[in-house]
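# Structure, please.
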Amino acid sequence: MDDYPLLNFFWTMLWFFVWVMWFFLLFKVITDIFRDHTLGGWGKAGWLILVLVLPFIGIFVYLIARGRSMHERDRKQAEEQQAAFRAYVQQTAGAGSGSADELHKLSALKDKGDITQEEFDRAKAKILA
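Below you'll find the model as predicted:
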């Protein structure tokens, strides 16, 4: 450790951090290119070639030209995922509680004597199917 001073270590860590952030930004832009539904095939191919062949210029030009819409696509995707999750939870929770309510009502009818055990078993099988 004597031949590698602390300042050089911090300098190396800074460059490593910049390198990791650069790759994060590169992958973020490439993902955004493919996720954008307003771009046609040739537009996507052109941006991808620019970003891969001239990465520094391509990334900076993409961020300047399409940075704002990039944020809007991120927000739209997050909202769509949230809506899909809520619909799934409501569908799953609703289906389970509806069946449980119906079974409870059937059990109450059977306990009162309004339906027979055979009718209860048929209705229960129908609900659970």
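
# Which element, helix or strand, includes the residue nearest to the spatial centre of the chain?
Residue closest to the average C-alpha location in the chain (C-alpha atoms, centre = their mean): residue 81, at 5.3 Å. Counting by DSSP states H and E, the element that carries residue 81 is helix 55-112.

# Same question for residue 21.
Taking DSSP H and E as the definition, residue 21 sits inside helix 6-35.

# I'd like to know which elements that helix is packed against.
Judged by 3 or more C-beta pairs under 8 Å, 6 or more residues apart in numbering; DSSP states H and E, helix 6-35 is in contact with helix 41-53, helix 55-112. Backbone N, C-alpha and C define where each C-beta goes, glycine included.

# Residue ranges in this protein under the pLDDT threshold?
Residue ranges of the chain with pLDDT under 70: 1-2, 94-98.

# distance from the centroid: which residue in it tops it?
Farthest out in the chain is residue 113, which, by C-alpha atoms, centre = their mean, sits 51.1 Å from the centre.

# Show me what secondary structure element comes after the helix holding residue 81.
Once helix 55-112 ends, the next helix or strand along the chain (criterion: DSSP H and E) is helix 117-128.

# In the helix holding residue 21, which residues are buried?
Within helix 6-35, the residues that count as buried by 16 or more other C-beta atoms under 10 Å are 26, 29-30, 32-33.
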